[in-house]
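Asks: Turn this into a model:
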Amino acid sequence: MSLEFCSGRNSRRVYSRKSEEYMADFCLVSRRVLDEEEHRVFRYHFLLGADWKLCCRRLNMDRGNFFHAVYRIEQKLGRTFAELEPYPLYPLRDYFSGVIRRQVLPLSA
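Replies: Take a look at the predicted model:
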């Protein structure tokens, strides 16, 4: 649980679970963007941390096809995470930034 300060009408503080929200966003966006086969590779290799030998054995793939799938997944998700609207998941400093503004503040001269 984290306390964040924001400039809103009703309150100046917001409680959130940023890490859990990020993990949920990461998994949900990945499931939405990847097809079923790519998501199986993603789940075994990236989420569960299996090495390429175990993944190839479990998914009945050869080494070359496995690594081509990994590179394709990295490319798809990297682009998606960077271009996601309204809040991209990458770079992390933008997702976890401490200031939340609910209203537009005028620029000072």
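Asks: got a pLDDT number for the residue nearest to residue 91 when sequence neighbours are not counted?
Replies: Once flanking residues are discounted, residue 91 sits nearest to residue 82: 8.0 Å by CB to CB, 6 or more residues apart in numbering. Bear in mind the C-beta positions are built from the backbone N, C-alpha and C, glycine included. pLDDT for residue 82: 87.
Asks: residues contacting residue 82?
Replies: Under the criterion of CB atoms under 8 Å, 6 or more residues apart in numbering, the contact list for residue 82 reads 88, 89, 90, 91.
Asks: quick check, nearest of the residues you listed to residue 38?
Replies: residue 89 (17.5 Å; CB to CB).
Asks: hang on, that closest one is in a helix, isn't it?
Replies: No - judged by DSSP: H, G, I helix; E, B strand; the rest coil, residue 89 forms no part of a helix; its state is coil.
Asks: ranges for the helices of the protein?
Replies: 18-33, 36-42, 52-59, 63-83, 92-95 (DSSP state H).
Asks: mean pLDDT for those helices: which is lowest?
Replies: Looking at the helices of the chain, the weakest mean confidence is helix 92-95, a mean of 71.
Asks: tally of neighbours for residue 41?
Replies: 22 (other CB atoms under 10 Å).
Asks: And for the residue lying closest to residue 72 once chain neighbours are set aside, the neighbour number?
Replies: The shortest distance from residue 72 to any non-neighbouring residue, by CB to CB, 6+ apart, is to residue 38 (6.9 Å). Using other CB under 10 Å, the number of residues around residue 38 comes to 17.
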